[in-house]
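>>> sequence first, then the predicted structure:
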Amino acid sequence: AYNFSPGPAALPEPVLRQAQADMLEWGDARASIVEISHRGSEFLQVARQAEADLRTLLAIPDDYAVLFPAGGATTQQALIALNFADAGQRVDYVVSGHWGKTALKQVPSVDVNIAASGEADGFRSIPARESWRLSDEAAYVHVTANETIHGVEYRPAWGQVPPDTGDVPLFADFSSSIASEPIDVSRYGLIYAGAQKNLGPVGISVVIVRRELLERAGQPRADIFDYRSQLANESMLNTPPTWNWYLLGLTVRWMIEEGGTAEFDRRSALKSSLLYAAIDGSGGFYRNEVDPAVRSRMNIPFFLVDPTLDAAFLDGARAAGLIGLKGHRVLGGMRASIYNAMPVEGVRALVDYMREFQTRHG
Ligand code: PLP
């Protein structure tokens, strides 16, 4: 089946096949990949290769550190404030959807300025850069590169991407769009992502941070939450999620072998335009309400003209081998998540099914 789930997302088939073999026996270790010590040379090689490959895939400059913390993006949303907002210092947040709001909930004891929010129009657009009310001396400005539920993404038609925040470092949640196109990492102070969309399995995150920011970072209350300690210990202050890390490494390698971010940029443009064309060309049977300038290429919410058809749509989709299409409870309707592991044929199959369903029920 083609899996359109928003996450944990489908992994590429070659990765799953390799993982199946290594789960039983890893190389000549005489044990499964999940049984070998994280401090042994074999796993250290896996971990270091994953970092080297991620640096290649995303063209990460040397003056940026890469961390692989256990846990999800929500945890990083809490840790960035703990690490970078000194007591009393302001942080600026631009809220463009559900995950931007979630990020706010993780920083209750910090002086937060909501510099802009798209909530008034139901997060169907991203407030123009000129309307942002940034603080003078914020520790950072936080944005969500792609809103997984509302389906809005910073795209070139919106304006300058990434937005210019002057001397204040830009921190971005790239959980659902990392590696879908080439980006200039040096324009960001920090990038974080939960891995379970484009990078593979849930349970591990990636944090890419300008080293100089880490050096003047705040005071986390515990060593385990301290990005500097994590860096000094190669993200192994405690037992890391080795299986997840290994799967992430395999997924990153697969993306490099497929042609890297330039190739996924090409595929994302093709896949998303096929699906938006099917929605927009349906004469109103299907609709997507997001401002075309910021329509996401990764997560495409859409609604049927008659919501009483939703269950029949989902049942028929499943029978046609198209799963994971039910929309998030916040919005309802449908959502197709088309991450890097989704082949173009999967989107063609979905579009064919949508046309056929409309012919039967339109
Ligand atoms: N940020 C974005 C953009 C997301 O899509 C998600 C989850 O889907 C999160 C944050 C939260 O991630 P996690 O569940 O890994 O904490």
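On my side now, so go ahead. Remember, predicted model here, so these are calculated numbers, not experimental data. Numbering: from 1, shown residues only.

>>> now do the buried residues in stretch 208-227.
208-210, 213-214, 217-218, 220, 225-227 (16 or more other CB atoms under 10 Å). All C-beta spots, glycine's among them, are computed from the backbone N, C-alpha and C.

>>> span of that stretch from start to end?
Using CA to CA, to the nearest Å, the span of stretch 208-227 from its first residue to its last is 11 Å.

>>> list the contacts of that stretch.
Here stretch 208-227 makes contact (CB atoms under 8 Å, 6 or more residues apart in numbering) with 58, 60, 63-67, 79, 82-87, 89, 139, 169, 185, 188-192, 207, 228-229, 231, 237-238.

>>> tell me which residue of this structure lies closest to the ligand.
Gly72 (2.2 Å; CB to the nearest ligand atom).

>>> so where's the stretch 51-200 of the chain shaky on pLDDT?
Applying pLDDT under 70 to the stretch 51-200 of the chain picks out residues 87.

>>> the ligand contacts on that one?
When proximity is defined as CB under 6 Å from any ligand atom, the stretch 51-200 of the chain approaches the ligand at 72-74, 99, 144, 148, 173, 175-176, 194.

>>> hmm, back to that, and for the residue of the chain closest to the ligand, the neighbour number?
Gly72: 19 surrounding residues under other CB atoms under 10 Å.

>>> go ahead and confirm it touches Ser205.
Yes: the criterion here is CB atoms under 8 Å, and Gly72 meets it with Ser205 at 6.2 Å.

>>> mind listing the shared neighbours of those two?
In contact with both Gly72 and Ser205: Gly194, using CB under 8 Å, 6+ apart.

>>> report the buried residues of the top helix by length along the chain.
Using DSSP state H, we find that the single longest helix of the chain is helix 260-280. Across helix 260-280, burial judged by 16+ other CB under 10 Å covers 260-261, 264-265, 267-268, 271-272, 275-276, 278-279.

>>> cool, and stretch 117-126?
In stretch 117-126, counting by 16+ other CB under 10 Å, buried: 117-118, 123-126.

>>> quick one: which two of those residues are the most distant?
Ser117 and Arg124 (12.5 Å; CB to CB).

>>> all helices for this structure, in order.
Here the chain has its helices, by DSSP H, at 13-24, 41-58, 73-84, 98-105, 211-215, 227-232, 242-258, 260-280, 310-319, 344-361.

>>> centre of the chain to the third one, how far?
Put plainly, it is helix 73-84. With CA atoms, centre = their mean, to the nearest Å as the basis, helix 73-84 stands 16 Å off its chain's centre.

>>> who's in contact with Met236?
With CB under 8 Å, 6+ apart, Met236 has these contacts: 38-39, 47.

>>> out of those, who's the most crowded?
Of the contacts of Met236, with other CB under 10 Å as the count, Ala47 tops at 20 neighbours.

>>> burial of the closest residue in space to Ala293 that isn't next to it in sequence, as a residue count?
In this structure, Ala293 finds its nearest non-sequential neighbour in Ala157, 3.9 Å apart by CB to CB, 6 or more residues apart in numbering. Residues lying near Ala157 (other CB under 10 Å) number 11.

>>> Val290 is in contact with Ala157, correct?
No: counting by CB under 8 Å, Ala157 stays clear of Val290, with 11.8 Å between them.

>>> just to revisit the earlier point, now, the most widely separated pair of the residues of the stretch 51-200 of the chain next to the ligand?
Gly72 and Thr144 (14.3 Å).

>>> burial count for Ser109?
Neighbours around Ser109, by other CB under 10 Å: 9.

>>> what of Glu35?
13.

>>> need the pLDDT of it.
With respect to pLDDT, Glu35 scores 95.

>>> what residues are up against it?
With contact taken as CB under 8 Å, 6+ apart, Glu35 is in contact with Trp26.

>>> for it, phi and psi?
For Glu35, the backbone dihedrals (degrees, to the nearest 10) come out as phi -110, psi -10.

>>> what's the answer for the one 5 residues further on, then?
Here is the backbone geometry of Gly40 (degrees, to the nearest 10): phi -80, psi 160.

>>> ok, now how distant is it from Ala31?
To Ala31, Gly40 is 10 Å away according to CB to CB, to the nearest Å.

>>> and the two? Which one has more around it.
Counted by other CB under 10 Å, Gly40 and Ala31 do not tie: Ala31 has more neighbours, with 14 against 11.

>>> do I have it right that the more buried one meets Asp22?
No: in this structure, Ala31 is not within contact of Asp22 by CB under 8 Å, at 10.4 Å.

>>> number of nearby residues for Val34?
13.

>>> do Asp86 as well
12.

>>> list the contacts of it.
139, 218-219.

>>> next: Glu258.
Glu258 sits next to Phe264 when contact means CB under 8 Å, 6+ apart.

>>> and it, what's its pLDDT?
98.

>>> tell me the spacing between it and Ala52.
Counting by CB to CB - Glu258 and Ala52 are separated by 18 Å.

>>> and Gly194, by the same measure?
If you go by CB to CB, the gap between Gly194 and Ala52 works out to 21 Å.

>>> between these two, point out the one with more neighbours.
The neighbour count for Gly194 versus Ala52, taken as other CB under 10 Å, is higher for Gly194 (27 against 13).

>>> nearest spatial neighbour of the more buried one, chain-adjacent residues omitted?
Closest residue in space to Gly194, ignoring its immediate chain neighbours: Ala73 at 3.6 Å, by CB to CB, 6+ apart.

>>> next one: Asn146
Sequence neighbours aside, Ser177 is the residue nearest to Asn146 in space, at 3.6 Å (criterion: CB to CB, 6+ apart).
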